[in-house]
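Colleague: Sequence first, then the predicted structure, then my questions.
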Amino acid sequence: MTDEQLKAADGDIISQVLGGDHDAFGRLIDRYSEEILRIVSRRIPAEDAGEVAHEVFIRAFRSLAGFRGESPFGNWLARIAVRSCHDYWRERYRSKESPMNTLETEQKEWLDRFTSETAKDSFDREESKKTAREILMWALEKIDPDDRAVLELVHLDGFSVSEAALTLGWSKGKVKIRAFRSRNRLRKLLEKVID
């Protein structure tokens with residue numbers, strides 16, 4: 001199905017839902033559930049990803065009347081998914097229960113070894129990536145949700161500044177400034193753990 005055909009098909013389903021056929025929304029869920037789960041799973045711990053993905057569709061259903069069709073429905077839904085992940089981390093950030101030193105001993109040791117030049121070469125490449133990702137995810141949990149959102153979009157997902165601005169509902173200038181400051185905050189956090 002081409003983009004235009006998909007947009008038209010989504011438009012027809014949306015019209016049916018807004019016309020009172022709420023069961024038709026299930027077809028949109030079937031069409032986009034894998035994509036939304038993929039987006040959410042990259043940003044949320046696995047044990048919470050399904051719940052957040054479910055919340056994305058609830059938010060979309062409640063906001064469907066506000067969908068103007070200027071962009072494809074899938075893009076609109078993806079923005080809701082990213083914002084839902086952002087809200088998840090904002091809530092978690094507000095109710096922090098763990099202290100800064102919650103890195104496991106294995107992760108701290110890895111971080112110490114990784115920072116020394118001689119040890120870098122001896123690490124198994126795949127294991128290093130896995131551990132680095134765990135440390136990055138740990139560090140991202142400790143920073144402000146807005147910082148996390150912009151870092152994930154711009155640096156992990158490879159969004160352009162314009163795309164990140166559109167997704168977050170921010171200006172391009174705010175995205176640039178926030179990305180710069182967020183990188184510095186993340187770097188300082190990791191340096192603090194190393195020390």
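Modeller: Structure's in. What do you need? Residues are numbered from 1 along each chain as shown.
Colleague: Phi and psi next, for the residue sitting nearest the centre point of the chain.
Modeller: Per Cα atoms, centre = their mean, the C-alpha nearest to the average position across the chain is that of Arg43, at 3.9 Å. For Arg43, the backbone dihedrals (degrees, to the nearest 10) come out as phi -120, psi -20.
Colleague: mind listing what it touches?
Modeller: Residues near Arg43 by Cβ atoms under 8 Å, 6 or more residues apart in numbering: Val82, Cys85, Tyr88, Trp89, Glu152. The C-beta positions use only the backbone N, C-alpha and C, and glycine is treated the same way.
Colleague: cool, Gly74 as well?
Modeller: Leu6, Asp10, Tyr32, Glu35.
Colleague: now Lys174
Modeller: Per Cβ under 8 Å, 6+ apart, neighbours of Lys174: Ala165.
Colleague: which SSE is it in?
Modeller: helix 172-194 (DSSP states H and E).
Colleague: which residues in the chain form helices?
Modeller: 3-18, 25-41, 46-63, 73-94, 105-115, 117-120, 125-142, 145-151, 161-168, 172-194 (DSSP state H).
Colleague: Output the second one as PDB, restricted to C-alpha atoms.
Modeller: It refers to helix 25-41. Extracted as PDB, the C-alpha positions of helix 25-41 are listed here (Å, rounded to 0.1, in the frame of the first residue of the first chain):
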ATOM      1  CA  PHE A  25     -10.300   1.900  16.000                       C
ATOM      2  CA  GLY A  26      -9.200  -1.700  16.400                       C
ATOM      3  CA  ARG A  27      -8.100  -1.700  12.800                       C
ATOM      4  CA  LEU A  28      -5.800   1.200  13.500                       C
ATOM      5  CA  ILE A  29      -4.400  -0.600  16.500                       C
ATOM      6  CA  ASP A  30      -3.800  -3.700  14.400                       C
ATOM      7  CA  ARG A  31      -2.100  -1.700  11.800                       C
ATOM      8  CA  TYR A  32       0.200   0.300  14.100                       C
ATOM      9  CA  SER A  33       0.700  -1.800  17.200                       C
ATOM     10  CA  GLU A  34       4.100  -3.300  16.200                       C
ATOM     11  CA  GLU A  35       5.500   0.100  15.200                       C
ATOM     12  CA  ILE A  36       4.300   1.700  18.500                       C
ATOM     13  CA  LEU A  37       5.600  -1.100  20.600                       C
ATOM     14  CA  ARG A  38       9.000  -0.800  18.800                       C
ATOM     15  CA  ILE A  39       9.100   2.900  19.500                       C
ATOM     16  CA  VAL A  40       8.200   2.500  23.100                       C
ATOM     17  CA  SER A  41      10.400  -0.600  23.700                       C
END
